[in-house]
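Engineer: only the shape, not the letters, is given here:
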């Protein structure tokens, strides 16, 4: 089994956090989005992972440190890491074809801007499985249309009239991913574009037209990381799941001085809390110092200094110095204070 991970996008909706860190490397509950996603998919599949292929953007942004992190991720699964580049943002289908040397045999394709909780068996009668989640507002999503045999017969993007309430979450299984490769090559050769881009859906539709059987796989939880608010919400939800699973989330070396941690929280190594209340639903990355502050429902990355603050629904990056009694400010591009 292979896992193919397109992750070349810059994550503009999550600025300023993605100006220096690729969105898939943003930590949620102490671990990057892409690490959580790939590891959770591997657990669901319950079979050895042969290769993890990552499709990255330009080397200036997705540099050697990113590559090393992804290689370690694959190694932890006992898998080979393959690194490909998508130099131009030409769509999901184009991104997948940038990894065409790896497109053979059974594979899962997963976009690295979402997290899931699921436990199911792949349908052996299906040529492909598209993972979906039942949603309240299907008109805001791409959805699947099913026939009487519960086979997917159509993909409909943001339907104006009701088609189904099963939203496509961006994770796909192919019994033979070479079939998708063949159809996507046709999409590229015939310059079939939607919105100026080459899309995976056109390859999938061609597979359906050739009689391939597509089934759905349902996930219990689908968590987006598209912008600041939903990423903070996803952090809170993931902390709750991990806490209920019994995972130890607070580093043993955290230094507390007149401080309280209200679970669930992730607290990284070498964190110092002084005259502070942290939690619930807070992630503090390694090296953070929090003084004279209250923080809840928030995500703080690494080596940040926070004092005199009362924060709720906050997302703070790396190496930030924040004083709630500020009189002098240095704020970069796309920053938001509300």
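Structural biologist: Received, thanks. This one's a predicted model, so the numbers in the text were calculated from it and none came from an experiment.

Engineer: so how many other residues sit close to the closest residue to residue 241 other than its chain neighbours?
Structural biologist: The spatially closest residue to residue 241, leaving aside those adjacent along the chain, is residue 117, at 6.1 Å (Cβ to Cβ, 6 or more residues apart in numbering). Placement of C-beta: from N, CA and C, glycine included. Neighbourhood size, residue 117 [other Cβ atoms under 10 Å]: 15.

Engineer: from residue 1, how far off is residue 117?
Structural biologist: Noted for residue 117: a distance of 20 Å to residue 1, by Cβ to Cβ, to the nearest Å.

Engineer: hang on, the earlier thing: and the pLDDT for the residue nearest to residue 241?
Structural biologist: pLDDT, residue 117: 87.

Engineer: name whatever forms a beta bridge with it.
Structural biologist: In this entry, residue 117 is beta-bridged to residue 221, by DSSP bridges.

Engineer: that one touches residue 234, doesn't it?
Structural biologist: No. Judged on Cβ atoms under 8 Å, residue 117 makes no contact with residue 234 at a distance of 11.2 Å.

Engineer: walk me through the domains of the protein.
Structural biologist: When the chain is parsed with the TED database, its domains come out as 2-226, 249-323.

Engineer: packing partners of the lengthiest helix in the chain?
Structural biologist: Identified as the longest helix of the chain according to DSSP state H is helix 228-244. Other helices and strands packing on helix 228-244, by 3 or more Cβ pairs under 8 Å, 6 or more residues apart in numbering; DSSP states H and E, are strand 27-28, strand 114-117, strand 221-224, strand 265-267, strand 282-284, strand 298-300, strand 315-316.

Engineer: okay, those, which one's buried deepest?
Structural biologist: strand 282-284 (a mean of 29; mean count of other Cβ atoms under 10 Å).

Engineer: what lines up beside that one in the sheet?
Structural biologist: strand 265-267 (parallel), strand 298-300 (parallel).

Engineer: a markdown table please, covering those strands and showing distance to residue 56 and mean pLDDT.
Structural biologist: Output for the strands paired with strand 282-284, formatted as a markdown table (distance: least, Cβ to Cβ, whole Å; pLDDT from 0 to 100):
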| stretch | distance to residue 56 | mean pLDDT |
| --- | --- | --- |
| strand 265-267 | 26 | 97 |
| strand 298-300 | 24 | 95 |
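
Engineer: I figured residue 176 was touching residue 128, is that so?
Structural biologist: No. If you go by Cβ under 8 Å, residue 176 and residue 128 don't touch, sitting 9.1 Å apart.

Engineer: tell me which of those two has more neighbours.
Structural biologist: residue 128 (24 against 16).

Engineer: from residue 163, how far off is the more buried one?
Structural biologist: 19 Å.
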